Each structure stands twice: as structure tokens, then as C-alpha cells.
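A.B. asks: here are the coordinates; sequence isn't available:
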């Protein structure tokens, strides 16, 4: 028998067998042969009734109500910086011809988040979201887009204040971050990876965290998921109040992936920056007029202190608020307005939250004896602006 004939006979035999199997319903329907369907019965009732877990059901409903109430106040921010094509590297060919292209093109885009804090359209976000950008667009939760004006920005605390013109805005109130307790439930809302309004939840993991030794901010730490694009969005409590502005994450890789630790600028710091911009048209810094350092264990023994704490005053500037208040070199500041001062950085950060013209109460120790002094804060001289770079080939991403 020829090979071709054999193959034809086998194929015919297989086709007849397959046809008979379909008739008998032996071929599953999912193979597409139209066999009989397999019987199945779906579950019709949940394994537990809502009445059996009323507290969980109530919490679930309350979380949803909270999110519904705050989402209209959170915005997505897209900012763009323009630069001249010829302002950066020039090729050898261009140099040879003496040409230099001066056309403008977008060279950097930043995605971030923000939160509306006034009915007039004031928005708080991060400084690094809008840094050196000359076009800022805000998208509201209802889809409206608005051009935003940058009113002021403070790189030291990473807070920027924007303004938009739009009707029917729903601002969120700024809560008191000083009253936030470790373990409290919070929600982070923002625009991660450009996905739009996204909500994550967690707890306050710690307070007073510093991103660096000279950090001007003592952050709130949370385990609520925060990723690129969340920067500038609010961290809210169960009352819908802003207790922080999401600013950074802890990451040990270049991709900046979230590892379960997020940081937010406390609302008290954000409020001070906002009110400074609104009242004075710019970010202002207060001035006490002292040079300070940390108290080392050896210095603490010399000063007859029980342990090393506080801010040691090494020098007092003549005719400064500090001198007028009676502060002297060698004093150690232990409290400011009833708040403990752990070190020199804590004193600097506490002073940065005080308004110009405000009076502060300083509790100090001098040669082992306690004293209470009152100082009236002055305005510090503005720092010189950094020059605008000609080009920036590696855009700074929103954290």
C-alpha cells in the first residue's frame, strides 16, 4: 500500500471517529465542536451576611463616603518648560557654519498632583513639581482643565502655591499636623504615573522624619502607597482634612519604586508657606539672629545638663531679635512655644513655621539655670535667586 493512500485512510478514520464523538457528546464544548454543555450551578448567596459584620460594613461605607467627598478637591498637574534648541550642546557642524538654532521646543515635562485649598482657586503642590516650569496646566476631577499661575514656591520645604480661575471649586481644609498621632489611618490621593485620581490608604508610621541631616522639613512617614506623580497630592485624615502633602518615597534603586515608606510635608509647614504667599506675595523666612549647633554629650556635662539635648547658641548677632530678647552665647534653647527642641535643626524648623512679627517664648538654660525669654521674629533677607540653566538634558521626574 502506498504511503499516500495510508494517510488518506487514517485521516478518514479519524474524521469518522470525531464525528461520532460529537454526536455522543464526548467532545467538550470549549473545543468549539458544539457538544453538550457541562452542568454547573453558581453560588447565589454570600458566605456571610452583612448583618453579621455590621462594623465592617459601616467602615466600608464610611471610607467610600470620605473618598467621594475629597476627590473633587484633588487635581492633576502637568507642567512644561521651554528652552531654545540652540541653548545647549552645539555640534561641530553648527560651529563650522556659525549657525545656532533659536527656536523653542518643550524639553521637560513634569507630572504631579495638587489639592485645592481655597474657594478662590489656590492650590498647594510640591516645589519640585513646578520647579523652573513656565507652563502649568491643572486638570480637575470633573475633567475641566485650567492654566495655573505660580504664586510662590519654597524649595527648602518643597511647597509651591498655584492659582487657577474656575467656578464651583471644592477646597479641603488644612488640618493640624501637630495633633496627628502615630498609628492613625490616613489616605493618599494623587495622580501616580499619570493614571488620574487614585486613592491608597495606610497609617502614620512615624513623625519628625528627616530626609537629610540638613533637612528643613520634619516629614510625616506613612505606609500609604505613593509613586511618581503622587507628589503634591494630599494626605488626609478620617475627617477629610489635609494633614500632609505627599512629597517623597524611600527607594534604594534608580527607578524610584515604592518600597512601603512614603513621606509627606506636614500641613502646618504647608499652611505657613500658603499664608506667606497670600499675605505677602512671596515666601518669607523669619530671622532670629543666632548661630547654633548641637549639644554633644561632652558639652552637656560642661553645661551641667542631664543629657545632650537642645540647640546651643554659639553667637548672637548684634541688634537682632535674639539680642533684644536677651539671648546670649552659651545659652541652650530647650523649648519654643511649649514644643521641645531636640537639636539645632529642630529649632531652625520651628522658627521657620513662625510668622514675621510674631512673639515666641524661648525656654533656655544658662549655666545650669532655667530662663524664659520672649523674642519678636523679624524677616530674613531674601536669598539670591539661582541662575536659570541654559539646558537640562535629563528632566527631573516627579517623585
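C.D. replies: Sure, I can see it. No experiment lies behind these values; they were computed from the predicted model shown. Residues are numbered from 1 along each chain as shown.

A.B. asks: Can you give me the buried ones in stretch 301-309?
C.D. replies: Buried residues in stretch 301-309, counting neighbours by 16 or more other Cβ atoms under 10 Å, are found at 303, 305, 308, 309. From N, CA and C alone the C-beta is placed, and that goes for glycine too.

A.B. asks: pretty sure the third one is touching residue 302, no?
C.D. replies: No - with contact defined as Cβ atoms under 8 Å, residue 308 does not count as touching residue 302 (11.0 Å).

A.B. asks: Pull the most distant pair out of the buried residues of stretch 301-309.
C.D. replies: Using Cβ to Cβ, the pair of the buried residues of stretch 301-309 lying farthest apart is 303 and 309, separated by 10.8 Å.

A.B. asks: Give me the common contacts of those two.
C.D. replies: Taking Cβ atoms under 8 Å, 6 or more residues apart in numbering as the contact criterion, the common neighbours of residue 303 and residue 309 are residue 295.

A.B. asks: the bottom helix or strand of the chain by mean pLDDT?
C.D. replies: Taking mean pLDDT, DSSP states H and E as the measure, helix 92-97 is the helix or strand of the chain with the lowest mean score, a mean of 34.

A.B. asks: what about the residue sitting nearest the centre point of the chain, which helix or strand?
C.D. replies: The C-alpha lying nearest the average C-alpha coordinate of the chain belongs to residue 246 (Cα atoms, centre = their mean; 1.8 Å). Secondary structure from DSSP states H and E places residue 246 in strand 242-249.

A.B. asks: Check the offset of whichever helix or strand comes after that strand from the chain's centre.
C.D. replies: Sequence order places strand 262-266 as the next helix or strand after strand 242-249, per DSSP H and E. What separates the centre of strand 262-266 from the centre of its chain is 6 Å, taken as Cα atoms, centre = their mean, to the nearest Å.

A.B. asks: ditto for stretch 111-119
C.D. replies: Distance of stretch 111-119 from its chain centroid, counting by Cα atoms, centre = their mean, is 12 Å.

A.B. asks: One more: stretch 342-359?
C.D. replies: Worked out by Cα atoms, centre = their mean, stretch 342-359 lies 23 Å from the chain centre.

A.B. asks: and if you look at stretch 306-319?
C.D. replies: For stretch 306-319 - counting by Cα atoms, centre = their mean - the centre lies 33 Å from the chain centre.

A.B. asks: Now do the end-to-end distance for it.
C.D. replies: Counting by Cα to Cα, to the nearest Å, you get 32 Å between the two ends of stretch 306-319.

A.B. asks: Number of residues surrounding residue 373?
C.D. replies: Residue 373 has 18 neighbouring residues, counting by other Cβ atoms under 10 Å.

A.B. asks: Over to residue 221?
C.D. replies: Neighbourhood size, residue 221 [other Cβ under 10 Å]: 19.

A.B. asks: cool, residue 61 as well?
C.D. replies: Count around residue 61 with other Cβ under 10 Å applied: 10.

A.B. asks: Give the helix, strand or coil label for it.
C.D. replies: Counting by DSSP: H, G, I helix; E, B strand; the rest coil, the backbone at residue 61 sits in helix.

A.B. asks: so how far is residue 237 from it?
C.D. replies: Using Cβ to Cβ, to the nearest Å, residue 61 is found at 18 Å from residue 237.

A.B. asks: same question, residue 174
C.D. replies: Taking Cβ to Cβ as the measure, residue 174 and residue 237 are separated by 11 Å.

A.B. asks: now swap in residue 182 and tell me
C.D. replies: Taking Cβ to Cβ as the criterion, residue 182 is separated from residue 237 by 13 Å.

A.B. asks: Pick out whichever of the two has more residues nearby.
C.D. replies: Summary of the neighbour comparison: residue 182 and residue 237, criterion other Cβ under 10 Å, with residue 237 having more neighbours (21 against 11).

A.B. asks: so where is the protein shaky, pLDDT-wise?
C.D. replies: Scanning the chain for pLDDT under 70 picks out 1-37, 82-108, 212-214, 252-257, 382-399.

A.B. asks: show me what contacts residue 350?
C.D. replies: When contacts are counted by Cβ under 8 Å, 6+ apart, residue 350 touches 336, 337, 339, 341.

A.B. asks: Tell me how many other residues crowd the third one.
C.D. replies: The one in question is residue 339. Here the neighbour count serves as a burial measure; for residue 339 (other Cβ under 10 Å) it reads 13.

A.B. asks: what residues go with each domain of this protein?
C.D. replies: Domains of the chain are assigned by automatic domain parsing as 69-84+106-280, 286-379.

A.B. asks: Compile those into JSON lines and extend it with columns for distance to residue 45.
C.D. replies: Written out in JSON lines, the entries for the domains of the chain read as follows (distance: least, Cβ to Cβ, whole Å):
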{"stretch": "domain 69-84+106-280", "distance to residue 45": "29"}
{"stretch": "domain 286-379", "distance to residue 45": "56"}
